[in-house]
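In: Sequence and predicted structure, then a few things I'm wondering about:
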Amino acid sequence: IFLVSKLNQLKRWSNPGQKEKNQQGQPLPFREPYIISRYISDPLLVGGKKFDMRLYVLVTNYKPLKVFLYRGGFCRFCVEQYST
């Protein structure tokens, strides 16, 4: 598990010398899958309980942005009331 505060900090785990390339012939930045999440200090509550949603997306390009959303995500709810 790596904790980062900025997206550009993920570059240190990339492998720029890899042989795989995208359709434009540019090297792909990551060879391993990553799960990225953000901590929320003041969470949205449903019925006074925390919840989280897992959405799966595939980003195939950044310029122009091309993203595919997988329909099989899910949502989990806490069984206890949230308190700070």
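Out: Nice, thanks for sending it over. Residues are numbered from 1 along each chain as shown.

In: Point out where this structure drops to low pLDDT.
Out: By pLDDT under 70, the weakly predicted segments of the chain are 1-4, 7, 10-21, 27-34.

In: Do a quick rundown of the strands in it.
Out: For the chain, the strands defined by DSSP state E cover 51-62, 65-77.

In: possible to save the ones you listed as JSON lines with distance to residue 6?
Out: The way it works is simple: take the backbone N, C-alpha and C, and place the C-beta from them, glycine included. Formatted as JSON lines, the strands of the chain follow (distance: least, Cβ to Cβ, whole Å):
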{"stretch": "strand 51-62", "distance to residue 6": "16"}
{"stretch": "strand 65-77", "distance to residue 6": "19"}
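
In: Of these, give the one that comes closest to residue 9.
Out: Smallest distance to residue 9 across these (Cβ to Cβ): 16.9 Å, for strand 51-62.

In: Pull up the pairing partners for that closest one, direction included.
Out: If you go by DSSP bridges, strand 51-62 pairs up with strand 65-77 (antiparallel).

In: center of this protein, which residue is that?
Out: residue 36 (3.2 Å; Cα atoms, centre = their mean).

In: quick revisit: for the strands of the chain, which one sits closest to residue 23?
Out: Taking Cβ to Cβ, strand 51-62 is the member of the strands of the chain nearest to residue 23, at 8.3 Å.
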